[in-house]
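Colleague: no sequence for this one, just the structure:
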């Protein structure tokens, strides 16, 4: 099944740019688009507190919105359909993912002083709770060309990825694309952690068949700020971060850090959920990944 990019659509510049960016990505991976319009996002259904007639009136008012979005869809490069809902609820997100899976949810970045920022934060919370992959597109993201320098932020813990990550691998495999693995440590230089971060990325299969990524280490007291510094230093035009349910870096996805990274990063941020870690002794590709890591380390060892 072709990958589906479900993009939160609207008529203001940030949302329109997110649709353009998603259209570009969908064309690159041979996917399709779903233009999703919601008025609100919540963990609980607000319509439980209002009269049913009011909800039906709100749904009826979305008819014009859907019609305009269908007109916009006709001008896109890829095949697109339209979905409208008054509220993005966990059940709605799960239903969309079930019907269009594997699904990548695409959202536009928003300024904190605008109401859209609250919608972004709520959407992110719901999608993270459902372990869905998501991409937040900055207002400055170019829509004329695909990402050329991709930064993967990783730590020393091994991880496994779901099928949606495999479907996105063509983005990394395009000719001319440079992939950089960044490891952020706090307080001290951690060369061992950097090498293990590279090993973890390779063992996951995310860069399988590609040249060994460049490896860079960064020091910063705050992990999100370290990723932002790495993106600036490497001139990355796409940042990939991993969302673990349990990790010593689990605070990456606390609300305050999410706001710093997803709302402040000057380039799009792709958040990939990970599966439960697989013991290294049982990972078929671990020996190969270890060989890659040894090759990298050997190249750093002075000749005797």
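Modeller: Yep, that arrived. Keep in mind the model is a prediction, meaning the values are calculated, not measured. Numbers count the residues shown, from 1 in each chain.
Colleague: now for residue 164, how many residues are close by?
Modeller: 18 (other Cβ atoms under 10 Å). To be clear about C-beta, it is placed using only N, CA and C from the backbone, and glycine gets the same treatment.
Colleague: how near is it to residue 21?
Modeller: Going from residue 164 to residue 21 by Cβ to Cβ, to the nearest Å gives 17 Å.
Colleague: and for residue 34?
Modeller: Residue 34 is 15 Å from residue 21, by Cβ to Cβ.
Colleague: any idea which helix or strand carries residue 25?
Modeller: helix 13-28 (DSSP states H and E).
Colleague: ok, residue 150 touching residue 235?
Modeller: No. Assessed by Cβ atoms under 8 Å, residue 150 is found out of contact with residue 235, at 11.2 Å.
Colleague: which stretches in the stretch 101-250 of the chain count as helices?
Modeller: 115-129, 163-173, 191-204, 223-234 (DSSP state H, counting those that start in this stretch).
Colleague: next, the closest residue in space to residue 39 that isn't next to it in sequence: secondary structure please.
Modeller: Nearest residue to residue 39, sequence neighbours excluded (Cβ to Cβ, 6 or more residues apart in numbering): residue 86, at 5.2 Å. Here residue 86 is recorded as strand under DSSP: H, G, I helix; E, B strand; the rest coil.
Colleague: wait, doesn't residue 86 sit right on residue 42?
Modeller: No. Assessed by Cβ under 8 Å, residue 86 is found out of contact with residue 42, at 10.3 Å.
Colleague: which regions of the chain lie under the pLDDT threshold?
Modeller: Scanning the chain for pLDDT under 70 picks out the ranges 1, 44-60, 111-119, 129, 245-259, 276-304.
Colleague: what are the ranges of the strands in it?
Modeller: 4-8, 32-41, 80-88, 103-108, 134-137, 149-153, 160-161, 178-185, 214-219, 238-243, 269-275 (DSSP state E).
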